[in-house]
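J.: what follows is a predicted structure for the sequence shown.
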Amino acid sequence: MRLLLLLLAFFACSCSKQQDPTPPQAAGPLPASNYLALGDSYTIGEGAAPAERWPVQLAALARQQGLNLQEPAIIARTGWTTGELLEAIANAQLTRTYDLVSLQIGVNNQYRGQSLATFRREFEQLLQTSQALAGNRAGRVLVLSIPDWGQSAFAADQDRARIGAEIDEFNAAARQACQARGMAFVDITPLTRAAAGDNTQFVRDGLHYSGLQMGQWARQALPAAASALR
């Protein structure tokens, strides 16, 4: 009888240990990811509040998705062409790399009548530079298409069909270059065309876009940004 009681006690102790597994360790917070946004007036959100810029809205949306994306560092200025952006990046003498790099450029090449060949050459250089700034990770580079400013009130007396056709040519070249490098290309141009005639989508100058419109760009870009950062 005594031996039976000892055996029962041993088995009870063994079962208790098997039913008390080590609790799983809680996952820590994701490390912070830094972000560099390159471009022109559309990247800095000319005429809109800083918080309404699409890269700033993109970072906020990413954080809502659980991605620890920091506020973007921005190298952009109204009026810049591809060549002027290249020069500005060189002058900035950046010494770090970034977890996400976005690029939106080319509208001023089209506006000033620069050739598609010049755009192709300088855009390719910008992609190469962007990839280097992303730690040579092509998948961390995100490119947004050129908006069709021909559908804005500012262009009421312009040849809108010609502007749209040229924008399409520049965007096609940009898409092709991105695909060749395995970079994400986000086409927001249809959103800008759909904004025609809606004053809430533009700032006071009738040319640049409001936070409402740029918020649509950010939401369109979010899946590609999330995929790059995960």
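T.: Cool, the structure landed.
J.: every contact and neighbour count from this point should use C-alpha atoms.
T.: OK.
J.: isn't residue 71 up against residue 35?
T.: Yes: with contact defined as CA atoms under 8 Å, residue 71 reaches residue 35; the gap is 6.9 Å.
J.: looking at the two, which has the bigger crowd around it?
T.: residue 35 (22 against 17; other CA atoms under 10 Å).
J.: contacts only, for that one.
T.: 69-73, 98-102 (CA atoms under 8 Å, 6 or more residues apart in numbering).
J.: please repeat the previous calculation with a cut-off of 7 Å.
T.: 70-73, 98-101 (CA atoms under 7 Å, 6 or more residues apart in numbering).
J.: show me which of those are buried.
T.: Neighbour-count burial (16 or more other CA atoms under 10 Å) applied to those gives 70-72, 98-101.
J.: will you turn those residues into a markdown table that also has distance to residue 31?
T.: Output for the buried ones among the contacts of residue 35, formatted as a markdown table (distance: CA to CA, whole Å):
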| residue | distance to residue 31 |
| --- | --- |
| 70 | 10 |
| 71 | 14 |
| 72 | 16 |
| 98 | 13 |
| 99 | 11 |
| 100 | 13 |
| 101 | 17 |
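J.: just these: which are in strands?
T.: Counting by DSSP state E, these place 100-101 in strands.
J.: for residue 153, state which of the buried ones among the contacts of residue 35 is nearest.
T.: residue 72 (29.7 Å; CA to CA).
J.: distance check, the closest residue to residue 32 other than its chain neighbours against residue 225.
T.: Spatial nearest neighbour of residue 32, chain neighbours left out: residue 68 (4.9 Å); criterion: CA to CA, 6 or more residues apart in numbering. Per CA to CA, to the nearest Å, residue 68 is found 12 Å from residue 225.
J.: what's downstream of the worst-scoring helix or strand of the chain on mean pLDDT, the next helix or strand?
T.: Every helix and strand in the chain was compared by mean pLDDT, DSSP states H and E; the lowest is helix 2-18, with a mean of 44. Beyond helix 2-18 on the C-terminal side, the first helix or strand identified by DSSP states H and E is strand 35-39.
J.: can you list the strands that that next one pairs with?
T.: Neighbouring strands of strand 35-39 in its sheet, by DSSP bridges, are strand 73-76 (parallel), strand 100-104 (parallel).
J.: which regions of this structure lie under the pLDDT threshold?
T.: 1-30 (pLDDT under 70).
J.: where do the helices sit along it?
T.: 2-18, 41-44, 54-64, 82-92, 107-111, 116-133, 160-181, 189-194, 211-229 (DSSP state H).
J.: looking at these, which one is packed in the most?
T.: helix 41-44 (a mean of 23; mean count of other CA atoms under 10 Å).
J.: can you name every helix or strand that that one contacts?
T.: Contacts defined by 3 or more CA pairs under 7 Å, 6 or more residues apart in numbering; DSSP states H and E place helix 41-44 against strand 73-76.
J.: in the strand it packs on, what's buried?
T.: So for strand 73-76, counting by 16+ other CA under 10 Å, buried means 74-76.
J.: distance from the chain centre to that strand, please.
T.: 12 Å (CA atoms, centre = their mean, to the nearest Å).
J.: neighbouring contacts of it?
T.: 35-41, 43-44.
J.: likewise stretch 158-169?
T.: Against stretch 158-169 from outside (CA under 7 Å, 6+ apart): 110, 146, 148, 150-151.
J.: and which of these is nearest to residue 215?
T.: Distances from residue 215 to those, taken by CA to CA, are shortest for residue 146, at 15.6 Å.
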